[in-house]
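Undergrad: coords below, sequence missing:
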């Protein structure tokens with residue numbers, strides 16, 4: 001685990017204590033990356049990658065449900081439509097080209113239909129798409145038609161490889177034993193050396209001098225394995241939540 005000690009952990013959860021009057025709040029992180037806080041669902045956030053002529057969105061947490069909602073899956077379409085309108089206002093004339101989803105939990109995928117309708121393609125693991133369909137996420141919709149707007153991942157892939165900001169899609173299969181779903185996707189951005197691990201990483205930035213006995217969750221071992229096995233350099237690990245209990249001085253992981 002010494003390898004992970006050297007990483008700067010967590011930059012997605014900026015200004016989480018500040019409450020906004022707006023439903024969606026944008027925080028810029030770099031030239032390409034911004035985080036959109038969805039205030040009504042605790043500290044859930046979506047990541048936006050900005051390109052010259054379009055956007056890529058990572059995660060659509062319109063509902064705050066993880067594995068505890070495993071059947072009768074559903075979307076919050078009105079909220080997703082408002083989120084899409086927010087993006088259109090914040091990024092004029094830049095449509096969403098891709099939505100990237102790490103896994104089938106609703107805090108990753110509960111707002112996809114309006115994005116399909118706008119022309120975006122969904123990038124997700126094939127098993128996660130199949131699970132979502134089987135368990136009712138698209139109830140009443142033409143699933144075969146929607147499937148034409150998906151890129152279903154079964155191995156490591158590269159998205160937007162000819163641009164200045166490619167995204168490597170890392171496929172975590174059954175050999176990764178601490179994932180919340182059978183297959184899982186990480187998104188690595190080699191230009192800035194950022195790894196988007198979503199809710200696989202449920203920890204804040206740790207001061208090991210103050211907390212020398214801090215213990216990683218098991219999920220962190222899969223993050224370390226994904227980095228080492230691909231020999232990639234990671235400066236920042238990005239996630240969906242930031243839940244640090246200052247009173248007990250520990251990371252909250254119960255929601256996962």
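TA: Ah, there it is. The model shown is predicted, which means the values in this text are computed figures rather than measured ones. Residues are numbered from 1 along each chain as shown.

Undergrad: residues contacting residue 155?
TA: For residue 155, the contacting residues are residue 171, by CB atoms under 8 Å, 6 or more residues apart in numbering. C-betas here are computed from N, CA, C, even on glycine.

Undergrad: Angles on the backbone of it, please.
TA: Per-residue torsions, residue 155: phi -160, psi 170 (degrees, to the nearest 10).

Undergrad: Kindly state the pLDDT recorded for the residue lying closest to residue 193 once chain neighbours are set aside?
TA: Nearest non-adjacent residue to residue 193, counting by CB to CB, 6 or more residues apart in numbering: residue 235, 4.2 Å away. Note for residue 235: predicted pLDDT of 93.

Undergrad: State the number of residues packed around residue 235.
TA: The local packing of residue 235 (other CB atoms under 10 Å) involves 12 other residues.

Undergrad: Quick check: it vs residue 63, distance?
TA: According to CB to CB, to the nearest Å, residue 235 and residue 63 sit 31 Å apart.

Undergrad: which residues in this protein form helices?
TA: 2-5, 77-90, 106-109, 112-117, 126-134, 143-147, 219-230 (DSSP state H).

Undergrad: show me where the stretch 151-256 of the chain has strands.
TA: 157-159, 167-172, 184-189, 194-196, 236-238, 244-245, 250-251 (DSSP state E, counting those that start in this stretch).

Undergrad: Need those strands in CSV (columns: mean neighbour count and distance to residue 54).
TA: Formatted as CSV, the strands of the stretch 151-256 of the chain follow (neighbours: other CB atoms under 10 Å; distance: least, CB to CB, whole Å):
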stretch, mean neighbour count, distance to residue 54
strand 157-159, 15, 12
strand 167-172, 21, 13
strand 184-189, 24, 16
strand 194-196, 25, 18
strand 236-238, 22, 20
strand 244-245, 14, 34
strand 250-251, 17, 35
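
Undergrad: Next, format those as JSON lines and append distance to residue 102.
TA: Output for the strands of the stretch 151-256 of the chain, formatted as JSON lines (distance: least, CB to CB, whole Å):
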{"stretch": "strand 157-159", "distance to residue 102": "14"}
{"stretch": "strand 167-172", "distance to residue 102": "9"}
{"stretch": "strand 184-189", "distance to residue 102": "5"}
{"stretch": "strand 194-196", "distance to residue 102": "8"}
{"stretch": "strand 236-238", "distance to residue 102": "11"}
{"stretch": "strand 244-245", "distance to residue 102": "21"}
{"stretch": "strand 250-251", "distance to residue 102": "19"}
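
Undergrad: nearest to residue 229, of the ones you listed?
TA: Distance to residue 229, taken as CB to CB, is lowest for strand 167-172 among those, at 9.4 Å.

Undergrad: Identify all contacting residues around that closest one.
TA: For strand 167-172, using CB under 8 Å, 6+ apart, the contacting residues are 49, 56, 100, 123, 125, 153-160, 179, 183-190, 222, 226, 230, 232.

Undergrad: chain center to it: distance?
TA: Counting by CA atoms, centre = their mean, to the nearest Å, strand 167-172 is centred 12 Å from the centre of its parent chain.

Undergrad: now do stretch 127-145
TA: The answer for stretch 127-145 is 20 Å, by CA atoms, centre = their mean.

Undergrad: Phi first, then psi, for the residue nearest to residue 193.
TA: Taking degrees, to the nearest 10, you get phi -100, psi -40 for the backbone angles of residue 235.

Undergrad: Please tell me I have it right and it contacts residue 189.
TA: No. Checked against CB atoms under 8 Å, the pair residue 235 and residue 189 is beyond contact range at 10.0 Å.
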